[in-house]
Structure formats: structure tokens, C-alpha cells
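Colleague: Sharing a sequence plus its predicted fold:
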Amino acid sequence: VQLVDSGGGLVQPGGSLRLSCAASGFTLPFPFRTRETNWYRQAPGKERELVATINSSGAGTNFGDSVKGRFTVSRDNDKNTVYLQMNSLKPEDTAVYYCNAPYFGGSIWGQGTQVTVSS
């Protein structure tokens with residue numbers, strides 16, 4: 001069972017990136033399409049912060065105050081993938097971004113992908 005985060009990189013302020021979280025190995029009775037999924041981020045010296053949440057169908061989303069209006073989250077359950085579209089990026093968005101999903105009473109974390117916003 002794993003989540004693989006990808007799509008990070010170096011981007012200038014005001015730019016955009018799309019992160020992906022690809023799931024594999026989630027079996028019945030909890031296939032990935034039934035899992036609410038979260039994106040977190042952690043900057044050096046700071047606590048991990050919840051950035052976005054998407055419910056299992058993709059119809060319900062929530063965002064942290066610091067990213068509202070700039071980030072969107074979506075999922076393609078046929079591809080077992082959740083996406084985080086990040087627009088109008090700011091230097092303070094620099095962090096390692098992780099996806100996370102509950103599974104059998106615990107949770108699964110991606111390995112993280114680095115996002116650096118700098119000119």
C-alpha cells in the first residue's frame with residue numbers, strides 16, 4: 001500500500017504547479033476511491049500544516065486559510081490519483097508537500113515532494 005507524491009519543483013512567485021498523489025495497493029473493503037485524502041505541507045522549522053482535503057467522491061473540498069482562493073484539489077478515481085493545483089504561488093508556500101489517506105484505522109503517507117517558490 002503506498003502513496004507516491006510528485007510534481008514539485010522550483011517556480012517563480014506568481015507561478016503554478018500541479019502536484020499528484022498516486023495510490024496503489026488499497027484493497028477491499030477500503031479501496032482508494034472510498035478514502036478522503038489530504039494534502040499537508042511542512043516548511044523547515046515549522047509544524048506540518050493541513051493544506052487541503054477532498055472527500056471520496058471529489059464533490060467536497062476544504063482548504064487551509066493560507067491557500068484559499070489559490071489552490072484547488074481534485075481526484076480521478078479511475079486513475080487512483082489526487083491532484084493539488086497550486087496557483088499564484090508565494091515564497092511562503094515553499095515546503096515539502098505530502099498526501100495522506102486513512103486506511104484500516106491508521107493512515108498512509110506519501111514520501112513528499114519539494115515545492116520551492118523563489119525568484
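Modeller: On my side now, so go ahead.

Colleague: What pLDDT is listed against the residue with the shortest distance to the centre of the chain?
Modeller: Central residue of the chain (Cα atoms, centre = their mean): Trp39, 3.2 Å from the mean position. pLDDT, Trp39: 98.

Colleague: Each with direction, which strands does the helix or strand harbouring Val96 pair with?
Modeller: If you go by DSSP states H and E, Val96 is part of strand 95-103. Partner strands and pairing direction for strand 95-103 (DSSP bridges) are strand 37-42 (antiparallel), strand 106-109 (antiparallel), strand 113-117 (antiparallel).

Colleague: Those strands: which one's closest to Gly9?
Modeller: Nearest to Gly9 among those is strand 113-117; the distance by Cβ to Cβ comes to 7.1 Å. Bear in mind the C-beta positions are built from the backbone N, C-alpha and C, glycine included.

Colleague: Let me see the contact set for Phe63.
Modeller: Phe63 sits next to 51-53, 71, 73 when contact means Cβ atoms under 8 Å, 6 or more residues apart in numbering.

Colleague: one more time with 6 Å, if that's ok
Modeller: Each residue near Phe63 by Cβ atoms under 6 Å, 6 or more residues apart in numbering is listed here: Ala52.

Colleague: sorry, back to before: verify the contact between the residue nearest to the centre of the chain and Val51 for me.
Modeller: Yes. In this structure, Trp39 is within contact of Val51 by Cβ atoms under 6 Å, at 4.5 Å.

Colleague: Can you get me a residue count around the spatially closest residue to Arg33 that is not a sequence neighbour?
Modeller: With Cβ to Cβ, 6 or more residues apart in numbering as the criterion, Arg33 has its nearest non-adjacent residue at 3.9 Å, and that residue is Asn77. Asn77 is flanked by 16 other residues according to other Cβ atoms under 10 Å.
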